[in-house]
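[1] From the sequence below, what's the structure:
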Amino acid sequence: MGFYIVQFLTGLSDASALFLVACGLSLIFGVSRIVNLAHGSFYMVGAYLAYYLIEYFPHGAVSFWAGILLAALFVGVIGLLVETLLLRRLYRAPELFILFATFGIVLIIQDLSRWQFGAEDLLGQQAPGLAGSINIMGTLLPQYDLVLIIIAPLILVGLWFLLNRTRWGILVRAATADREMSDALGVNQTWLFTSVFFLGSVLAGLGGAIQLPKGGADLLMDLNIIAAAFVVVVVGGMGSIPGAYLAAVIIGELSSFGVLVFPESTLVLMFLVMAVVLVIRPYGLLGKAEAEEHAASETAESVLQPASKKIKLMGLALLLLILLMPAFVDAFSLVLMTEIALFALASMSLYFMMGPGGMVSFGHAAFFGGGAYAAALIVHYTQSPMEVAILFAPLLVGLLALIIGWFCVRLSGVYLAMLTLAFAQICWSIVFQWGTITGGDDGILSIWPAEWASEKIVFYYLTMVLCIGGILVLRHFIFTPFGFTMRACRDSALRVDSIGINLRRHQWFAFALAGGFAGLAGSIYVFSKGSVFPDEMAIPRSFDFLFMVLLGGVETLFGPIAGSAAFTWLHDEISRIDFWQLILGCIFIILVVAFPRGIAGSIHNRLGKYFEDGNDLRST
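    Residues are numbered from 1 along each chain as shown. You can find the predicted model right below:
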């Protein structure tokens, strides 16, 4: 009995640090609608700063807790600088571009932390007076776990008092409920956003600092915590602090006891919980339906039009350049161009969902990696030729997208995006843990092109034909009656419902179509690499595609192509340099600030009039 009591208390302890990070994230999103990927970086910096501050002060209980609090405040100051110097300039940009900017901050903080704190993991000292354990019916529980269990409810009560019994809290709740109305009533949005971001950053830093005696500090903390924090926020309900605590406790306890029943479930359990909750309660356990301005599509754009004659001539010239490229570039450049084309098709399929479809996905790698694994498994187990694998893999992935999409299209906004992430993680855990079939972490090797396509130039042309053909097919769909109906569903769900259009059916078909074309890109990709690993279905790959679309711009059909080319080229060139993440992050931030509508969208705004011929550059 004592063992299970200790497991329960351990689950509560793990939930405490998770709650501190999640409640800050929920608070920031509730007011500013910022999906802050850098929140995990603030958590990591909090742990590192606490370690050095505690080491600097004379050892003792007072200095220990003073170091924890000072670390949290220092992180709050860092968050304050990030908000005032960068994010404040982007509040008028599409919300997803702010997400892109916070990803740049993640890269910058990652390399700065490596430079300042070193690459070695740091083990924090035990809290003075709390280094021992308590014997509960024969099972030991660390005393520090009890402190964490107490701290989280105290923070919850303090936040409740702050939000419900102070004027500042009333303004925060008003902005959370209806940001536009609070602005119209004269609330200083700039001051409010800054103060909320500061408090949220302090809570993230406190979460990292307070777990130091249990987990130490390392450079992987940011990525390890941010996914879990988003899950807690979404399960509890976006903007709900009590919901975040409830969700953190549920996930903490399920993880604590789940490892006893299904040890392999720890990799995916919280995403299973999120998927189940969102299917049953689309707005989380204690969340509410988003206000109308929040529920509207974040990717609403200008009216897309067929390409003008000038644009068609430019496209023809680009196509000719692609066909002639093998004559004047080296073999490595052909490989890079092949990768750009594959990512362009995958990004275009994501754009098809995001732009005309109005559905943001955080889990598109499930279909790209699914296509790669489907092709590899077909070749590996049936000894089928490459042509058969490339034919059937997209069909199988399209069926997978049809199943996943049936659940996802019932949601909207961030909830839809997070549900796609949950399904993607479930798919990733299957290929990662089902080692007897998929090879697990070792992947599937020796998946090479057919003999006739084994030459780099031949495979280059094969890739270009399939990828360019896929992009043109997706473009064609956008200008069909289905495409116009899909955009109508994006722009006004209420209006299309009132005239008898089945909103979910159109979104469902668009979801499956996008998944199938991403699977096509993945099925070619596996033959270009000769192998496939679970990383192709992991969260970073999904965000790569999302950032490619945002970098290129969601207002143009050429945006995904431009974004994939820029992203892939930059990553290839800069990754050879020391502290390449710092450089890449700075470039991303500069691009977001200089081109708030993406590369292609900004070019249209500045040079579009020179390409007009009754139409405009948005069609390219």
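
[2] Kindly export stretch 92-110 (C-alpha atoms) in CSV.
    Below are the C-alpha coordinates for stretch 92-110, written out as CSV (Å, rounded to 0.1, in the frame of the first residue of the first chain):
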residue,chain,number,x,y,z
ARG,A,92,-0.1,43.3,-35.9
ALA,A,93,1.5,40.4,-37.9
PRO,A,94,-0.4,37.1,-38.3
GLU,A,95,-0.3,35.2,-35.1
LEU,A,96,1.5,32.2,-36.6
PHE,A,97,4.4,34.6,-37.6
ILE,A,98,4.9,35.3,-33.9
LEU,A,99,5.2,31.6,-33.3
PHE,A,100,7.9,31.6,-36.0
ALA,A,101,9.7,34.4,-34.2
THR,A,102,9.6,32.6,-30.8
PHE,A,103,11.2,29.6,-32.6
GLY,A,104,14.1,31.9,-33.5
ILE,A,105,14.4,32.8,-29.9
VAL,A,106,14.6,29.1,-29.0
LEU,A,107,17.5,28.7,-31.3
ILE,A,108,19.3,31.7,-30.0
ILE,A,109,18.8,30.8,-26.3
GLN,A,110,19.9,27.2,-27.0
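
[3] How about it, which residues are buried there?
    Of the residues in stretch 92-110, 93-110 count as buried by neighbour count, 16 or more other C-beta atoms under 10 Å. Quick note: C-beta positions are derived from backbone N, CA and C, even for glycine.

[4] Contacts for stretch 68-84, please.
    Residues from elsewhere that reach stretch 68-84, judged by C-beta atoms under 8 Å, 6 or more residues apart in numbering: 38, 42, 45-47, 49-50, 53-54, 105, 193-194, 197-206, 208-210, 212.

[5] Quick check: which element contains the residue nearest to I108 when sequence neighbours are not counted?
    Distances taken as C-beta to C-beta, 6 or more residues apart in numbering place G585 nearest to I108, at 3.9 Å, with adjacent residues excluded. Take DSSP states H and E as the rule and G585 turns out to sit in helix 580-594.

[6] Which other helices and strands does that helix contact?
    Judged by 3 or more C-beta pairs under 8 Å, 6 or more residues apart in numbering; DSSP states H and E, the packing partners of helix 580-594 are helix 95-117, helix 539-552, helix 559-574.

[7] now the strands for this protein?
    Secondary structure of the chain by DSSP state E: the strands cover 133-136, 139-142.

[8] With distance to G552 as extra columns, can I get those strands in JSON lines?
    Formatted as JSON lines, the strands of the chain follow (distance: least, C-beta to C-beta, whole Å):
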{"stretch": "strand 133-136", "distance to G552": "55"}
{"stretch": "strand 139-142", "distance to G552": "50"}
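
[9] Model confidence score at A295, please.
    Per-residue pLDDT puts A295 at 40.

[10] Actually, S498.
    Per-residue confidence (pLDDT) for S498: 85.

[11] rewinding a little: nearest to H476, out of the helices and strands packed on helix 580-594?
    Each of those was scored for nearness to H476 using C-beta to C-beta, and the closest is helix 559-574 (15.3 Å).

[12] next one: that closest one to chain centre, how far?
    Distance of helix 559-574 from its chain centroid, counting by C-alpha atoms, centre = their mean, to the nearest Å, is 18 Å.

[13] and if you look at stretch 439-448?
    Distance, centroid of stretch 439-448 to centroid of chain: 26 Å (C-alpha atoms, centre = their mean).

[14] what's the span of that stretch, first residue to last?
    17 Å (C-alpha to C-alpha, to the nearest Å).

[15] what's that stretch in contact with?
    By C-beta under 8 Å, 6+ apart, the list of residues contacting stretch 439-448 from outside reads 373, 375-377, 379-380, 431-435, 438, 454, 526-527, 530-534.

[16] Inside helices: which ones of these?
    Taking DSSP state H, the ones among the contacts of stretch 439-448 that sit in helices are 373, 375-377, 379-380, 431-433, 435, 438, 526-527.

[17] Sort these by pLDDT and name the bottom one.
    pLDDT is lowest at G435 among those; the value there is 83.

[18] Roughly how far does it sit from T190?
    Here G435 is placed at a distance of 53 Å from T190 (C-beta to C-beta, to the nearest Å).

[19] Same question for K312.
    Distance of K312 to T190, computed by C-beta to C-beta: 45 Å.
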